[in-house]
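Visitor: could you look at this predicted model? Sequence included:
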Protein chains: 2
Amino acid sequence: MNPFQYYNPTMLIFGPGKLSLLAKQAETMGEKVLLVYGGGSIKTHGVYERVIQALQKSGKQVFELSGVEPNPRVSTARKGIELCRNHQIDWVLAVGGGSVIDCAKAIAVGCTIDADVWDLVRSKVTARSALPLGVVLTLAATGSEMNPYSVITNWETNEKIGWGSPLAIPKFSILDPELTYTLPHDQTVYGVVDIMSHVLEQYFHHQEHTAITDGFCETILRSVIEYAPLLKDDPNNEDSRSTIMHAGTVALNGITSMGTIGDWATHNLEHAVSAIFDIPHGGGLAILFPVWIRYALDRGTAPKKVAQLGINVFGLKSTDFKDELELGYATIIALEKFWRSLGAPATLSDYQITLDDAILESLADKTLIRGPFGRFQKLDRANIIEIYRRAQ
Amino acid sequence: MNPFQYYNPTMLIFGPGKLSLLAKQAETMGEKVLLVYGGGSIKTHGVYERVIQALQKSGKQVFELSGVEPNPRVSTARKGIELCRNHQIDWVLAVGGGSVIDCAKAIAVGCTIDADVWDLVRSKVTARSALPLGVVLTLAATGSEMNPYSVITNWETNEKIGWGSPLAIPKFSILDPELTYTLPHDQTVYGVVDIMSHVLEQYFHHQEHTAITDGFCETILRSVIEYAPLLKDDPNNEDSRSTIMHAGTVALNGITSMGTIGDWATHNLEHAVSAIFDIPHGGGLAILFPVWIRYALDRGTAPKKVAQLGINVFGLKSTDFKDELELGYATIIALEKFWRSLGAPATLSDYQITLDDAILESLADKTLIRGPFGRFQKLDRANIIEIYRRAQ
């Protein structure tokens, strides 16, 4: 177990119907609010109207930034920052999923610095203050509602970069599972894959004596595996929507990495793909994660840990296999089978993507911007290209 | 799964040797600090000296309140409050276990109210502000280092009462497992029982679809059962001390009750006993918890949940038992066996306590101060007396 620091002051307000508490929560915030949202689905489903009513009820002056993209763009964050500066905004309210929250974080922190927000994302400058951020979550996936992280894409440079700041941790997040009932099935599935991938990125580490943190990871994975399939035929299932939303938040709020250092190579690999092809993050992860684990196992990396996943999460029995390696490969098949059963993609060709040599090199360049990566399984250029080839 | 709110802004600083970060942390706090500690064991083991050096290094003016009792007294909290008022103290630093922290919370919150601190504990007044509180933990047990709760005893009225306030949540807590190496074995055991009891109080609930929260509870219990026995022959075992300290904090920081409402009857029953006989809280819990579960099972209360504990925590196999009830009773025996293997007491007579009718009535009176209690298993006066009788 490694030393660690943990600090997460987000006030979570969780439960079906809890959007009704927004007005009360808004009363504790400043007068001028920038409302940040996406492509308009919150208007279709009445969420926008309820949010506006709550903000008006609590006497707020509302400014709006709409149209935040699924892979949120630095250009959109710049627009939000301009609005904040022009109108002396007091706080930011993100209503949406991870993309909207990530963009709102870039705005809330970025509007306080004397530099372009892309320099903040690239870690060229550090912020000392931020506007407070509130969240109404409409999609269970990224965990951004209770952590300091954000991922921003720059289409001028085809870069997708993750950054973080304690200043970006939301002050409050309203987690109302009812708001996810109307999600299209593919988005639900991408969210589920994203949640499980976050846990897996943290679960694959080389620290010893991490019984509590590993057990938390396994619990979240088992719970998602139990409850996600119910949504295929019953998207309004309250128990399942609640469990998935709960899972998404605790999957990346710090409690699953207490004392451990996760890998995160697959996220880097995926960000490069969606920075070029603009595919859904969850779809990219569903394709790349099994390839990555198999690649690590092929190199003999910690079959014991992969086998532990198989036994504790997928219910495999060690007595049914010759050794840990064989059990490890069976674990990967179980993971692939589960994601396919939900309807997730399995290869890049499912998105009509083919990778020629030039694209492979370009992908590798992007992933290597900060040097070789992967802590569970170190990856160099040749390894990276091999993984992408296998993902086709 | 029930709706819930979660807010826990404590900065945790965890790891062997991390007491060295106290000076840096103290720099973020005010100049005048009230150092609160217990019976002097921190002086024997050099912790006191290191704390004083850190506070001096960061330029603090140190005032002291020593001698906080194992069941901390309201009279001691009153002394601390007087010190805070007389010297315009800026913040409070608790160095010790749960008792010291609980007393420090009563001081930090109590010194801001226009009433006696006992009125705060009895919920007769509500505080609006508090001095900030820092913690250096020297005993893994109560979880007080990362929650709003405190238990204070009044020997004038023989009452031991739990109270809480968001204002009492520590601003930072340094969790250095090395500080627990010198703990006497009995105190280690009482801590382990207390940690497991906190989880069990929360685990026994009637909410459905609580896979994540139940799994977190089971994870903590399994981890403690795996690592606590190592300390019998090897009290300096870093992996075990770290795991137990980690367990103690996450056992009562809110993540094990997301969406559930625990029982907490056994804590009430124990507080009454130690308010009269001044026995260690962990010892009282080791005696009363198995009696309470057996009492609930005898009444047919949720054998399924007790069986779930047996299967997921104690590794019992459902196929080895006739039904859930039989498996439930075997689970209680497994729990008793584990606590006895550590050296915990099993009956009140282990503390030379015998209960005559007058004492039984007096105990029942104390527990019933706020009316009948227990959410998993409702208890009235007759039930309470029966449980105490069985505990002899």
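Guide: Now that the structure is in, tell me what you want to look at. Numbers count the residues shown, from 1 in each chain, chains lettered A, B, ... in the order given.
Visitor: neighbours of residue A:46, how many?
Guide: Summarising burial for residue A:46: neighbours were counted as other CB atoms under 10 Å in any protein chain shown, giving 11. From N, CA and C alone the C-beta is placed, and that goes for glycine too.
Visitor: measure it to chain B for me?
Guide: Distance, residue A:46 to chain B, by CB to the nearest CB, to the nearest Å: 21 Å.
Visitor: wait, what's in contact with that residue?
Guide: Contacts for residue A:46 (CB atoms under 8 Å, 6 or more residues apart in numbering or on different chains) come out as none.
Visitor: phi, psi of it?
Guide: Taking degrees, to the nearest 10, you get phi 80, psi 0 for the backbone angles of residue A:46.
Visitor: and residue A:206, by the same measure?
Guide: Summarising the backbone geometry of residue A:206 under the convention degrees, to the nearest 10, its torsions are phi -110, psi 10.
Visitor: show me what contacts the spatially closest residue to it that is not a sequence neighbour?
Guide: If the residues on either side of it in the chain are set aside, residue A:206 comes closest to residue A:376, at 6.4 Å by CB to CB, 6 or more residues apart in numbering or on different chains. Under the criterion of CB under 8 Å, 6+ apart, the neighbours of residue A:376 are A:204-206, A:262-263, A:265, A:296, A:301-302, A:305.
Visitor: could you rerun that using 6 Å?
Guide: For residue A:376, the contact set (CB atoms under 6 Å, 6 or more residues apart in numbering or on different chains) comprises A:204-205, A:263.
Visitor: which bits of chain A sit near chain B?
Guide: If contact is defined as CB under 6 Å from any CB of the partner chain, the residues of chain A in contact with chain B are A:1, A:3-7, A:9, A:11-15, A:209, A:211-212, A:215-216, A:219, A:223, A:239, A:242, A:246.
Visitor: now stretch A:59-69: buried residues?
Guide: Of all the residues in stretch A:59-69, those buried under the rule 16 or more other CB atoms under 10 Å in any protein chain shown are A:60, A:63, A:65-66, A:68-69.
Visitor: repeat that for stretch A:231-251.
Guide: For stretch A:231-251, the buried set under the neighbour-count rule, 16+ other CB under 10 Å, comprises A:231, A:235, A:237, A:239-251.
Visitor: pick out the most distant pair among these.
Guide: In terms of CB to CB, the buried residues of stretch A:231-251 reach their longest pairwise distance at A:235 and A:250, which sit 22.3 Å apart.
Visitor: now residue A:27: closest residue in space, sequence neighbours ignored.
Guide: Leaving aside its sequence neighbours, residue A:27 sits nearest to residue A:58 (CB to CB, 6+ apart; 4.7 Å).
Visitor: right, and residue A:103 touches residue A:72 too?
Guide: Yes: assessed by CB atoms under 6 Å, residue A:103 is found in contact with residue A:72 at 3.8 Å.
Visitor: look at the two and report which has more neighbours.
Guide: residue A:103 (32 against 28).
Visitor: name the SS class of the more buried one, please.
Guide: Reduced to three states with DSSP: H, G, I helix; E, B strand; the rest coil, the structure at residue A:103 is helix.
Visitor: the longest strand seen in chain A packs against which elements?
Guide: Scanning chain A for the longest strand, with DSSP state E as the assignment, gives strand A:4-14. Judged by 3 or more CB pairs under 6 Å, 6 or more residues apart in numbering or on different chains; DSSP states H and E, the packing partners of strand A:4-14 are strand A:172-175, strand B:4-14.
Visitor: try it again at 8 Å.
Guide: Helices and strands in packing contact with strand A:4-14 are listed as strand A:172-175, helix A:238-250, strand B:4-14; criterion 3 or more CB pairs under 8 Å, 6 or more residues apart in numbering or on different chains; DSSP states H and E.
Visitor: what comes up buried for it?
Guide: Under the neighbour-count criterion of 16+ other CB under 10 Å, strand A:4-14 has A:4, A:6, A:8-14 buried.
Visitor: repeat that for stretch A:106-115.
Guide: Neighbour counts over stretch A:106-115 (16+ other CB under 10 Å) mark A:106-113 as buried.
Visitor: pull the number of nearby residues for the residue nearest to residue A:27.
Guide: Number of residues near residue A:58 (other CB under 10 Å) recorded here: 17.
Visitor: for it, give me the pLDDT.
Guide: Per-residue confidence (pLDDT) for residue A:58: 97.
Visitor: isn't it right up against residue A:30?
Guide: No: if you go by CB atoms under 8 Å, residue A:58 and residue A:30 don't touch, sitting 10.9 Å apart.
Visitor: let's have the helices and strands packed on strand A:4-14 in a markdown table, adding distance to residue B:328 and mean pLDDT.
Guide: As requested, these are arranged in a markdown table below (distance: least, CB to CB, whole Å; pLDDT from 0 to 100):
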| stretch | distance to residue B:328 | mean pLDDT |
| --- | --- | --- |
| strand A:172-175 | 34 | 98 |
| helix A:238-250 | 25 | 98 |
| strand B:4-14 | 27 | 98 |
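Visitor: locate the residue nearest to the spatial centre of chain A within the secondary structure: which element?
Guide: Centroid check for chain A by CA atoms, centre = their mean gives residue A:142 as the closest residue, at 2.4 Å. Using DSSP states H and E, no element contains residue A:142; it sits outside every helix and strand.
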